[in-house]
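Trainee: here's a sequence, model it:
(one chain, ligands or ions: 1)
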Amino acid sequence: MCGIVGVLGKHEVAPILVEALKRLEYRGYDSAGIATVNEGVLDRRRAVGKLVNLSDLLVHDPLPGKSGIGHTRWATHGVPSVENAHPHRAGSVAVVHNGIVENYRELRAELASHGFRFETETDTETVALMTEHHMKSGLDPVQAAFKTIDQLEGAFALAFLFDGEEDLIVAARKGSPLAIGHGDGEMYVGSDAIALAPLTDRVTYLEEGDRAIVTRNSLEIRDERGELANRDMRRINLDVSRTDKAGHKHYMAKEIAEQPVVVAEAIRSCLPAASDRICLPGEDLDFSKLDRLTMVACGTAFYACLTAKYWFERLAKMPVEVDIASEFRYREPPIPERSLALFVSQSGETADTLAALRYCEGKADKIVSVVNVPESSIARESDLALPIHAGVEIGVASTKAFTCQLAVLLMLALKAAADRGTLTDEELADHAAALRGLPSALNTALEQDNSIRVAAQRLSEARDVLFLGRGLMYPLAMEGALKLKEISYIHAEGYASGELKHGPIALIDKNMPVVVMAPRDVLFDKTVSNMQEVMARKGKVILVSDDEGIAEAQDGVWATIRMPYVHPSLTPILYAVPAQLLAYHTAVAKGTDVDQPRNLAKSVTVE
Ligand code: F6R
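Mentor: Coordinates of the predicted model:
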């Protein structure tokens, strides 16, 4: 949510900043801007909308300089406009910010009392003005920035650039991630390592409360108390080539297509080739010493947790509570003894999930996370971080991260079942064999692309869509609905099929498409009955099933998407593919922006 970047380079930085911002654009794309210092003079360029508008502006109105900062915005305070775009400037200081300054009203009042006037509606402008105020009262740039940072409440990652200072960026982190990249005689600042990947693989992550004085040849980090802090420099292994579209029209299409490969990688990470037993990487967990599980996440990751609840309860006979992080963190839920707290997050930086994790520190017996970014805050603050191996996910709508999260969560549930003795060796071996066959089933599901595209063409004309499923298909119904609304802007809801007649059935008429997820499991017949109730009211059923007879036997099924048969425990991972492809092709048919849907951003670092 908002991406920031900074470069103290040897060459012109404007193109480098724009390139780095491109890799951060998934964090927001309401407006973008850069500031540089050239021959001692601070200047900036900003444009509303996607980054391409800033690039165009820079063609006509270039910005020279070898030191600079940049920003891509997801609006919090103030509409997307040039005035509200970052960098914000006050006199001799320019600032880029990711996060929210919660006490900005108090700071504005203080600044107003000193005679300052405001040009924007943003919280960030107060940071620039306050720093300028401190500089006017005699502090040097570093002292002024540090004093301002001390006054801020809320969450922020900040980078400051100063008029007359060609070799200085001040950076700070509290609640929002920030990495410092080390080059040869160059230094970089970025919201994440992906932004810096082509520039350097040597990165130092700032910790909570850290502030950094960055020059081309030095990095000094001070902690919240102002003490010198030693932070490791790590080598980041980011396969930059994997951040292109590899011939696909959209990142989302590429990421959907990658699933057989990345899910196989996720499976291999916990299921050694020569064994049917799950073996977790890193520290081992003993579920026989744990009585309950609390799982917390947001959005798609939350639906992965809801799915995992079925697995942990059914396979490991473990009581599970699942919650949305933004609710959990403020509810002050008691965490009983012998509890495992489990946090699921693709980015590992989601503000609410991180806050929920911190709430559980010292209360839960163990804190485990399931993350895609191993260097993320959530991973670093967990006792054990299990990587999902999805690779960089750029499309704002999460796809491959979801299926990889599910694969790791299922394996965790199997480990729990083994530790607690709730599955026989034979049942564990069945699951292991089924998991090994999953990538090939995912490939077969992807081959349904054409029939899904045809169904999506019809769906694109709908105003509302229902997704129905029972058991393990219920969370997936909600995930399918989320995918569709995110990228096609069609209103969609996911319901438990059995809940239909308790209200939503009132919505069914000839204009209502209903996607029914119906694998041949123990609940199949019940789901089919619910589907018939829909068809009896002229609802348009899109049936996703592995049952060969069912579609032909039913008059009035609008479209059928045929799935291969997999072990019943694995159906949510497999059926995620048609759910994702339905949303994708519907969005393409509607001509919406698939990879960067309106109002959304990946990595939600504000609450
Ligand atoms: C939906 C989507 C979001 C994220 C949610 C949590 O397609 O991507 O709902 O799942 O914002 O993000 P992470 O997993 O990064 O914590």
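
Trainee: how far away is residue 102 from the ligand?
Mentor: Distance, residue 102 to the ligand, by C-beta to the nearest ligand atom, to the nearest Å: 21 Å. (Each C-beta comes from the backbone N, C-alpha and C, glycine too.)

Trainee: how close does the closest residue to that residue other than its chain neighbours get to residue 101?
Mentor: Distances taken as C-beta to C-beta, 6 or more residues apart in numbering put residue 154 closest to residue 102, at 3.6 Å, once the chain neighbours are dropped. As judged by C-beta to C-beta, to the nearest Å, residue 154 and residue 101 stand 5 Å apart.

Trainee: which positions in the stretch 251-400 of the chain make contact with the ligand?
Mentor: Within the stretch 251-400 of the chain, the positions adjacent to the ligand are 298, 299, 300, 301, 345, 346, 347, 350, 353, 397, 398 by C-beta under 6 Å from any ligand atom.

Trainee: how about 8 Å then?
Mentor: 297-302, 344-350, 353, 372, 378, 396-399 (C-beta under 8 Å from any ligand atom).

Trainee: how about the strands in the stretch 151-300 of the chain?
Mentor: 154-162, 169-174, 179-182, 187-190, 202-205, 211-215, 218-222, 234-235, 292-297 (DSSP state E, counting those that start in this stretch).

Trainee: give me the phi and psi for residue 596.
Mentor: phi -130, psi 70 (degrees, to the nearest 10).

Trainee: how near is the residue nearest to residue 102 to residue 599?
Mentor: Taking C-beta to C-beta, one finds residue 154 at 21 Å from residue 599.

Trainee: ok, those two, which is more surrounded?
Mentor: Legend: neighbour count by other C-beta atoms under 10 Å for residue 154 and residue 599, higher for residue 154 (16 against 9).

Trainee: would you check that residue 418 makes contact with residue 275?
Mentor: No - in this structure, residue 418 is not within contact of residue 275 by C-beta atoms under 8 Å, at 11.0 Å.

Trainee: these two: which is more packed in?
Mentor: residue 418 (21 against 11).

Trainee: please name every helix or strand in contact with the helix or strand in which the more buried one is found.
Mentor: Element membership of residue 418 [criterion: DSSP states H and E] is helix 400-420. For helix 400-420, the elements it packs on are helix 259-270, helix 299-316, strand 339-345, strand 366-371, helix 425-446, helix 571-590, judged by 3 or more C-beta pairs under 8 Å, 6 or more residues apart in numbering; DSSP states H and E.

Trainee: sticking with residue 527, tell me its helix or strand.
Mentor: helix 524-536.

Trainee: send over that helix as PDB, restricted to the C-alpha atoms.
Mentor: C-alpha atoms of helix 524-536 as PDB (Å, rounded to 0.1, in the frame of the first residue of the first chain):
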ATOM      1  CA  PHE A 524     -22.300 -34.200  -3.200                       C
ATOM      2  CA  ASP A 525     -26.000 -35.200  -3.200                       C
ATOM      3  CA  LYS A 526     -27.000 -32.400  -0.900                       C
ATOM      4  CA  THR A 527     -25.200 -29.900  -3.100                       C
ATOM      5  CA  VAL A 528     -27.000 -31.200  -6.100                       C
ATOM      6  CA  SER A 529     -30.400 -30.900  -4.300                       C
ATOM      7  CA  ASN A 530     -29.500 -27.200  -3.600                       C
ATOM      8  CA  MET A 531     -28.600 -26.800  -7.300                       C
ATOM      9  CA  GLN A 532     -32.000 -28.100  -8.300                       C
ATOM     10  CA  GLU A 533     -33.700 -25.600  -6.000                       C
ATOM     11  CA  VAL A 534     -31.900 -22.900  -7.900                       C
ATOM     12  CA  MET A 535     -32.800 -24.300 -11.300                       C
ATOM     13  CA  ALA A 536     -36.500 -24.700 -10.200                       C
END
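
Trainee: starting at the chain centroid, how far to that helix?
Mentor: 35 Å (C-alpha atoms, centre = their mean, to the nearest Å).

Trainee: how about that helix: buried residues?
Mentor: 524, 527, 528, 530, 531, 533, 534, 535 (16 or more other C-beta atoms under 10 Å).

Trainee: make CSV from those residues and add distance to the ligand and pLDDT to it.
Mentor: Formatted as CSV, the buried residues of helix 524-536 follow (distance: C-beta to the nearest ligand atom, whole Å; pLDDT from 0 to 100):
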residue, distance to the ligand, pLDDT
524, 28, 88
527, 25, 89
528, 29, 88
530, 26, 89
531, 26, 90
533, 30, 90
534, 26, 92
535, 30, 90
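
Trainee: what's the spacing between residue 546 and the ligand?
Mentor: For residue 546, the distance to the ligand - C-beta to the nearest ligand atom - is 25 Å.

Trainee: next: residue 321.
Mentor: Relative to the ligand, residue 321 is positioned 18 Å away (C-beta to the nearest ligand atom).

Trainee: next, the angle helix 400-420 makes with the strand or helix carrying that residue.
Mentor: Taking DSSP H and E as the definition, residue 321 sits inside strand 320-324. When axes from the mean of the first three to the mean of the last three C-alpha atoms, to 10 degrees is applied, the directions of strand 320-324 and helix 400-420 differ by 160 degrees.

Trainee: please identify the buried residues of whichever helix or strand comes after strand 320-324?
Mentor: Sequence-wise, the next helix or strand downstream of strand 320-324 (DSSP H and E) is helix 325-331. Going by neighbour count (16+ other C-beta under 10 Å), the buried part of helix 325-331 is 325, 326, 328, 329.

Trainee: report the secondary structure state of residue 68.
Mentor: strand (DSSP: H, G, I helix; E, B strand; the rest coil).

Trainee: before we move on, the earlier item: just checking, what packs against the strand holding residue 321?
Mentor: strand 292-297, helix 299-316.

Trainee: which residues are in contact with it?
Mentor: 292-298, 302, 305-306, 308-309, 312-313, 331, 333, 352, 356 (C-beta atoms under 8 Å, 6 or more residues apart in numbering).

Trainee: now list the buried members of those residues.
Mentor: By 16+ other C-beta under 10 Å, these give 292-298, 302, 305-306, 308-309, 312, 333, 352, 356 as buried.

Trainee: closest to the ligand out of those residues?
Mentor: residue 298 (4.1 Å; C-beta to the nearest ligand atom).

Trainee: would you mind listing what in the chain touches the ligand?
Mentor: So the chain meets the ligand at 297-302, 344-350, 353, 372, 378, 396-399, 401-402, 405, 482-483, 486, 600, 602-604 (C-beta under 8 Å from any ligand atom).

Trainee: on that earlier part again, is it true that the residue nearest to residue 102 touches residue 175?
Mentor: Yes - counting by C-beta under 8 Å, residue 154 does reach residue 175; the two are 7.1 Å apart.

Trainee: overlap of the contact sets of those two?
Mentor: With C-beta under 8 Å, 6+ apart as the test, residue 154 and residue 175 both reach residue 99.

Trainee: pLDDT score assigned to residue 83?
Mentor: For residue 83, the model assigns a pLDDT of 91.

Trainee: got it, and residue 236?
Mentor: 83.

Trainee: dihedrals phi and psi, it?
Mentor: phi -100, psi 130.
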